[in-house]
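A.B. asks: Structure, please.
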Amino acid sequence: MRRLLPPLLVGLLLIVLFALSRVERPIDPLPVSSAMIGWACIPVALIGLAVARRQFSKASAEIMTFDTPRNLVTDGLFAYSRNPMYLSMLLLVLGAALIAGHWAGLLMPLVFFIAANWWYIPFEESAAEQAFGDPYRQYRARVRRWI
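C.D. replies: Okay, the predicted model is just below:
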């Protein structure tokens, strides 16, 4: 199960959403205006991913979900959310779901949220607590998981 890294899960969910968008007659289509919101979500998500990735790179922090953490990043986007990358990925999938225009597509962000909130993040938090101890516990106490 460790092979299903978050970007791979996002990719799979986006493929499902793309397939949904190709269905000729959507059952219960979302309002057309939801697509505009979806298109607004995409650049925000991509910028969030790029900024958080750059912060990890500058700090020589480990970006791979299941690898041992190297450095604790607590500034920039990480001062507002302990998981800005997951938040950005969720926003990306949500945006794509809104663009796809199907109510069923809204299950994809839910799938990602469940995987991130109850699988990826708990694993990373446990590893960070083991690697960084009190500094991580203090960071966790002052910064929320999502936003």
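A.B. asks: can you count the residues close to Ala141?
C.D. replies: Applying other CB atoms under 10 Å, we find 7 residues neighbouring Ala141. From N, CA and C alone the C-beta is placed, and that goes for glycine too.
A.B. asks: Could you report the separation of it from Glu129?
C.D. replies: Going from Ala141 to Glu129 by CB to CB, to the nearest Å gives 12 Å.
A.B. asks: Met64 too?
C.D. replies: The value you get for Met64 to Glu129, if CB to CB is used, is 18 Å.
A.B. asks: more neighbours, the two?
C.D. replies: Between Met64 and Glu129, Glu129 has the larger neighbour count (other CB under 10 Å), namely 14 against 10.
A.B. asks: mind listing what that one touches?
C.D. replies: Glu129 makes contact with 136-137, 140 under the criterion CB atoms under 8 Å, 6 or more residues apart in numbering.
A.B. asks: can you check Trp39 too?
C.D. replies: 95, 99.
A.B. asks: measure it to Ala79 for me?
C.D. replies: 28 Å.
A.B. asks: Point out where the protein drops to low pLDDT.
C.D. replies: 1-2, 24-28 (pLDDT under 70).
A.B. asks: Apply 90 and report the result again.
C.D. replies: Applying pLDDT under 90 to the chain picks out residues 1-3, 20-35, 99-105.
A.B. asks: Noted, bye for now.
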